[in-house]
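Colleague: predicted model follows, preceded by the sequence.
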Amino acid sequence: MATFIERVPFQDAEIAVLRHSTEIAEDLISNHYRISTSEWKRYRYDIQSLKDLREEEITDEAFAQIHRYSTSPHQRLRGGERGDYFKICLQDHVIRRAIERDAHILLLPLTAYIITHELIHVVRFARFLQRFDSTGVEQENEEKRVHAITFHLLHNCQIKGMPEVLHAFKDCRTMETFLGSSP
């Protein structure tokens, strides 16, 4: 029998935490991959929480989904220029459930972990270090690589609760699902 999960979107205070988590993640990844502020523009991505997701972008099984679209609905490209656009779809209700289940897990370190992890994927896809539409075995190997990079970037972060998050997800194999779509 399936368990019903109430899909309650994050409120303004939680969205502010997501913004802070995104700043942390972008800073860490910028340093690791040597990405300048202006270079971030070439990585076509957006991070959305539950209230801004379409039904097909929602799951009850993962903290996030990455959808790949042929272009961003908000981006005007020159002529016939095409480029992958990655939408990181945060699953507020799944994240909230993890926090409620484990009192040692706090929102800021958990979302910093999730967003760092997802943005590493985006950078790796955009730099062609990993194919988005890979096989199950390749995806599992990619998850191991991205978890190792995520751990490396966050293990010295002075964020209250980060050691607990890193410990809780040290053996985690799946953080998200990948879905390709058209605009």
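Modeller: The structure has been received and is ready for your questions.

Colleague: can you tell me, leaving aside adjacent residues, what's nearest to E164?
Modeller: H104 (4.3 Å; Cβ to Cβ, 6 or more residues apart in numbering). Any C-beta I mention is one placed from the backbone N, CA and C, and that applies to glycine too.

Colleague: any idea how far the one you found is from Q11?
Modeller: To Q11, H104 is 22 Å away according to Cβ to Cβ, to the nearest Å.

Colleague: repeat for Y45
Modeller: Y45 is 24 Å from Q11, where distance means Cβ to Cβ.

Colleague: buried residues in the longest helix seen in the chain, which are they?
Modeller: The residue-count maximum for a helix in the chain (DSSP state H) belongs to helix 12-33. Neighbour-count burial for helix 12-33, counted by 16 or more other Cβ atoms under 10 Å, picks out 14, 17-18, 20-22, 24-26, 28-30, 33.

Colleague: show me what that helix is packed against.
Modeller: Packing contacts for helix 12-33, counted by 3 or more Cβ pairs under 8 Å, 6 or more residues apart in numbering; DSSP states H and E, involve helix 107-126, helix 136-154.

Colleague: following the last one, which helix or strand shows up next?
Modeller: Sequence order places helix 162-168 as the next helix or strand after helix 136-154, per DSSP states H and E.

Colleague: how about that next one: buried residues?
Modeller: For helix 162-168, a neighbour-count test (16+ other Cβ under 10 Å) marks M162, E164, V165, L166, A168 as buried.

Colleague: can you find the helix or strand in the protein with the smallest mean pLDDT?
Modeller: Lowest on mean pLDDT, DSSP states H and E among the helices and strands of the chain sits strand 176-180, with a mean of 50.

Colleague: quick one: low-confidence parts of the protein?
Modeller: Residue ranges of the chain with pLDDT under 70: 1-4, 71-83, 129-135, 172-183.

Colleague: the one residue sitting closest to the centre of it and D12: what is the separation?
Modeller: Closest to where the C-alpha atoms of the chain average out (Cα atoms, centre = their mean) is E118, at 2.9 Å. Distance from E118 to D12, counting by Cβ to Cβ: 22 Å.

Colleague: what's the answer for E23, then?
Modeller: For E23, the distance to D12 - Cβ to Cβ - is 17 Å.

Colleague: which among the buried residues of helix 12-33 gets closest to R96?
Modeller: E14 (8.3 Å; Cβ to Cβ).

Colleague: what's the closest non-adjacent residue to that closest one?
Modeller: Nearest to E14 is L107, by Cβ to Cβ, 6+ apart, at 6.4 Å.

Colleague: now do M162
Modeller: Distance criterion Cβ to Cβ, 6+ apart; nearest residue to M162, sequence neighbours excluded, is P109 at 4.3 Å.

Colleague: contacting residues for the one you found?
Modeller: For P109, the contacting residues are C157, I159, K160, G161, M162, E164, V165, by Cβ atoms under 8 Å, 6 or more residues apart in numbering.

Colleague: many thanks, have a good one.
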